[in-house]
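Undergrad: I would like the atomic coordinates for the input below:
(2 chains)
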Amino acid sequence: MNELTFSEARHLIARTGLGAEWGSVRKLEGMSKAKAINYILHPPPSHLRPAPYLSPWNKLEPMRVEGSQTRKNAWVMAQQEGQLLQGWWIDQMLRTRTPFVERMTLFWHNFFTSSLRKTLQPSLLHKQNIMLRQNALGNFRQLLRSVARDPAMLVYLDGYKNLKEEPNENFARELLEIFTVGHGQYTQKDVQEAARAFTGWGVHPENGTFQVRADQHDRGHKIFLRRAGKFNGDHIIDILLQHPRTAERVVEKFWRAFVSDANPPRKIIQIWAKQFYQADYDIKALLRVVLSSNEFWSARYRGTLVKSPVDLLIGTIRTIPYPRETIPEMVNLCRLLGQKLFDPPSVKGWDGGEHWISTQTLLVRASYLAKISRGNLNSKVNTGLRLPAKDGQEMVDWLLAVKPVNSLPEIPGKRRLAHALLRDPAFQVT
Amino acid sequence: MDRRDFLKLSGGVSAAGLAPEMLWAAEQRSAHLRAKKQRPTTPPAKRKLVLVRLKGGNDGLNTLIPFSQYDHYRELRPTISMPAQIKKLRSRVLDNSGMSLNPYMHRLDKWFDAGDVAWIQGVGYARPVLSHFESSDVWDTAMTHGRHANKGWLAHLLPRMHKNLHGVVLGDELGPMHGKDCHAIAMKSPEVFLSQITLLDEVQPSSTYNPALAHLTNIQSQVLHAKQEFEQKMRRPTQIGGRFANSAFGRQLESVAKMIINDIDAPVYMVELDGFDTHVDQLNQQNHNLSYLSDALDSFATALKQHGHWDNVLVMTYSEFGRRVKENHGRGTDHGAASVQLVMGGAVRGGVYGRNPDLKRLDAQGNLPMTTDFRKVYSTVAQRWMRQPSPWAAYGTLPFV
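TA: Next up, the predicted model:
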């Protein structure tokens, strides 16, 4: 009964991985839903490519002083090394055998943002990426604790400047507003008290690792969300995790990442949040709930997610092995399309969804897709390009999540058909 | 109609009834020039705004030089205060403002004399941010310390007044026109756009309930609309005729002039001149940049005047911040706060607006404090040029247009 059809298998692969690789789709086709979801949720250990050379923390840190002459040099270095770092991740996403891990890392990168622009520390952002990767399918509580100790985050949200005598509220505020309970659930006083609890959590000036400076930690009594105690940062995180809105906010982001850009039914969010909470914030447990839900599989939500630039650039190449652009060019395209990796526009991350599409990005998307798929379309010429699906409906079902908007070419030929499908507006959604 | 509007319409201006910030302008410039000022002949929706971004943080103090405080200025800036040009500086004081225009911008002189150039001094915002990125964001979104603003300031105005293409950016960042309902197109040049656009297919209007696809096809039909517009008007465009300033920046403004002359239906154009982040060896670098700016603006104004569009165009420069008053050890200046803005056009009321900088009253970091909030300038553009209600009305307006 519950065996996946080709199009269902394609849907599961495309939404959880990068692209719709023919081999992966065929592998899941005919499997039971539960088994297929299990397969996705338990990726084998995967190889991570070594990072490019990135200047160490203590070289860049003294150069970062605001408004100074050396800051410009630090900026240039961070930009150049940042591009190498972006290239490193793009290359990883192109080659990996476990695209689900990359997608989840990217999801958390967008959840717990930090940027090159603000930190000017590419090496710290690389370390943050490793941390997100390690926690991507783990436990949200542990992830939040790691994030609060992450050097790139401590610089990005000024946590490292948060001292006993001069508390800095930036991290505390975003922790409440963006990472957990959200606006309206706390007062300015709560932000201040939370900031006090995190005082002294900083970055070691010599080696850029996390350190707690006991002399800078405010040991005093705090009142946070109507609880009182001599809280430290971990206590604050625990209190936030007891708040029902925290799980709901995380779950809302999962909805937007896996189900639809359209607003979720309130009821669904409550149910999923409850299950997430009961599973003590186990991320895999939440993913199982999401991927098993009727909403995930419903025809109503098919093709209602706009492909992100990463999805479009990397997913297309992983689906069809067209000759691809060089890594630096893909880094550049990612930026032009509005998803400069390691450099999201604000602490809220990329808006995503319909915001990916503007008159400007649409042109870049169209010319990229037209360019890679152009080649020789004459079906009598052997170009060596492998298109495993049969000409006609099978190609359409493989390459598109929903029916094409435009009419298909009248001349037969798989390369011609693929070229037309890539240029159809329906190719932009998943 | 408020009092200022009345004054503007009546043309004859008496200094007595004006707000303090326009005193310089009013007292010093002869009233007959302003009386001759043409009101733009086109309705607000057809008027053009040309934004010139001076990237990196332009040093206002070496653009409009505080000649009346020259000794003190030279003390603070021993190597970059142009002592050799002192005679020139004296002769280049604008009206009697005490401020002298950088000699490298001499091509703007005739336009200033014609009353087509206004300078606004001390523009910035309270509690200035000294990071390029963050301060550019402030200028782009008109939100200070405004966390998570995701909409450019023009994106608040344009969707209300214009249906189709809102703007053309020569470059790749939409900046002030960033925002979901604002339809701006970024291109290298109209020629490159015309070659790229051939790759975008016609789209059949979709009757889908799928909101993502509906949004996509909607945007796509907008681009195709722009395509038609450019195919029609820019495939074989009317040429400007005459010579245009030959710099990379000049070519950008030349493209803008071409689009305006050929009647591209978009109210905003954006160009950018980079290289104002002058931490080291500022003098030559900034002077050259300012000469590129003024040469290109001169060509631009000449071209538009010749083709009868100058009264319908408002050019405005902006930069993320000014620079530190005291020079640094590298004969340059570090990031600062308030700076000057140039506004130019046939309908502009020329002069120097805003208080002169006071070199003795700096903020804790040695920067010039803001005396004109930049949103006052935005409000002026919104209300007095585009004739739109301004989201920043609380900041008031200036009578420079």
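
Undergrad: can we go C-alpha only for contacts and neighbour counts from here?
TA: Fine.

Undergrad: Over to residue 188: give its phi and psi.
TA: Defaulting to chain A. When read as degrees, to the nearest 10, the backbone of A:Gln188 gives phi -60, psi -30.

Undergrad: Distance-wise, check it relative to B:Gly175.
TA: Using C-alpha to C-alpha, to the nearest Å, we find A:Gln188 at a distance of 31 Å from B:Gly175.

Undergrad: again, but for A:Gln275
TA: Distance from A:Gln275 to B:Gly175, by C-alpha to C-alpha: 42 Å.

Undergrad: Between those two, point out the one with more neighbours.
TA: B:Gly175 (20 against 17; other C-alpha atoms under 10 Å in any protein chain shown).

Undergrad: Quick one: residues contacting A:Glu295.
TA: With contact taken as C-alpha atoms under 8 Å, 6 or more residues apart in numbering or on different chains, A:Glu295 is in contact with A:Val259, A:Tyr301.

Undergrad: Assign it to helix, strand or coil.
TA: Counting by DSSP: H, G, I helix; E, B strand; the rest coil, the backbone at A:Glu295 sits in helix.

Undergrad: try the one 5 residues further on
TA: Following three-state DSSP, the label given to A:Arg300 is helix.

Undergrad: Quick check, the residue in chain B closest to chain A?
TA: Of all residues in chain B, B:His335 sits closest to chain A, at 4.6 Å by C-alpha to the nearest C-alpha.

Undergrad: Around chain B, which positions in chain A sit nearby?
TA: Chain A has residues A:66-69, A:117, A:261-262, A:303-306, A:336, A:346-348, A:353-355, A:357-360, A:362-363, A:366-367, A:370, A:405-406, A:423, A:425-426, A:429 near chain B, with proximity defined as C-alpha under 8 Å from any C-alpha of the partner chain.

Undergrad: again, only this time at 6 Å
TA: The interface of chain A toward chain B, taken as C-alpha under 6 Å from any C-alpha of the partner chain, is made up of A:Gly67, A:Ser68, A:Gln69, A:Thr304, A:Thr359, A:Gln360, A:Ala366, A:Ser367.

Undergrad: Which helix or strand contains B:Val52?
TA: Per DSSP states H and E: B:Val52 is located in strand B:48-54.

Undergrad: Show me what that strand is packed up against.
TA: When contacts are defined as 3 or more C-alpha pairs under 6 Å, 6 or more residues apart in numbering or on different chains; DSSP states H and E, strand B:48-54 sits against strand B:268-273, strand B:313-318.

Undergrad: Can you redo those strands as a markdown table, where the extra columns are distance to B:Lys233 and mean pLDDT?
TA: Listed next are the helices and strands packed on strand B:48-54 as a markdown table, based on distance: least, C-alpha to C-alpha, whole Å; pLDDT from 0 to 100:
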| stretch | distance to B:Lys233 | mean pLDDT |
| --- | --- | --- |
| strand B:268-273 | 16 | 97 |
| strand B:313-318 | 19 | 98 |
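
Undergrad: Generate a markdown table for the ones you listed, with distance to chain A and mean neighbour count as supplementary columns.
TA: A markdown table is the format used below for the helices and strands packed on strand B:48-54 (distance: least, C-alpha to the nearest C-alpha, whole Å; neighbours: other C-alpha atoms under 10 Å in any protein chain shown):
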| stretch | distance to chain A | mean neighbour count |
| --- | --- | --- |
| strand B:268-273 | 14 | 23 |
| strand B:313-318 | 19 | 22 |
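
Undergrad: Nearest to B:Gln196 among these would be which one?
TA: strand B:268-273 (19.4 Å; C-alpha to C-alpha).

Undergrad: Sort out which residues of the very next helix or strand once past the closest one are buried, please.
TA: Scanning forward in sequence from strand B:268-273, with DSSP H and E defining helices and strands, the next element found is helix B:282-306. Neighbour counts over helix B:282-306 (16 or more other C-alpha atoms under 10 Å in any protein chain shown) mark B:282-283, B:286-287, B:289-305 as buried.

Undergrad: if we can go back for a sec, by neighbour count, which of the residues of chain A next to chain B wins?
TA: A:Thr304 (27 neighbours).

Undergrad: Spit out the contact partners of that residue.
TA: Residues counted as contacts of A:Thr304 (C-alpha atoms under 6 Å, 6 or more residues apart in numbering or on different chains) are A:Ser260, B:Ala212.

Undergrad: List phi and psi for it.
TA: phi -100, psi 10.

Undergrad: Near chain A, which residues of the stretch 251-400 of chain B are found?
TA: So the stretch 251-400 of chain B meets chain A at B:His279, B:Asp334, B:His335 (C-alpha under 6 Å from any C-alpha).

Undergrad: can you give me the offset of the biggest helix by length in chain A from its chain's centre?
TA: Counting residues, the longest helix found in chain A (DSSP state H) is helix A:69-95. Helix A:69-95 sits 18 Å away from the centroid of its parent chain (C-alpha atoms, centre = their mean, to the nearest Å).

Undergrad: Rounded mean pLDDT for that helix, please.
TA: On average, the pLDDT along helix A:69-95 is 94.

Undergrad: Please apply the same query to stretch B:247-256.
TA: When pLDDT is averaged along stretch B:247-256, the result is 96.

Undergrad: got it, and stretch B:91-103?
TA: Mean predicted lDDT for stretch B:91-103 stands at 92.

Undergrad: Contacts for it, please.
TA: Contact with stretch B:91-103 is made by B:Gln28, B:Thr63, B:Leu64, B:Ile65, B:Pro66, B:Phe67, B:Ser68, B:Leu89, as judged by C-alpha under 6 Å, 6+ apart.

Undergrad: In the residues of chain A next to chain B, find the pair that's most separated.
TA: A:Gln69 and A:Thr304 (47.7 Å).

Undergrad: Let me know the pLDDT of the residue lying farthest from the centre of chain A.
TA: In chain A, the greatest distance from the average C-alpha position (C-alpha atoms, centre = their mean) is reached by A:Lys380, at 41.6 Å. The score at A:Lys380 is 84. That number is its pLDDT.

Undergrad: where does the chain have low pLDDT?
TA: Reading this off chain A. A:1, A:66-67 (pLDDT under 70).

Undergrad: my bad, chain B
TA: B:1-39, B:145-149, B:205-208.

Undergrad: Show me what the residue positioned nearest the centre of it is bridged to.
TA: Of all residues in chain B, the one closest to the mean position by C-alpha atoms, centre = their mean is B:Met316, 1.9 Å from it. Per DSSP bridges, the residues bridged to B:Met316 are B:Leu51, B:Val343.

Undergrad: can you give me the strands in the chain?
TA: Answering for chain A, as no chain was given. A:201-203, A:210-212, A:222-224, A:227-229 (DSSP state E).

Undergrad: try again with chain B
TA: B:48-54, B:64-65, B:100-101, B:117-124, B:167-170, B:184-187, B:268-273, B:313-318, B:339-344, B:351-353, B:372-373.
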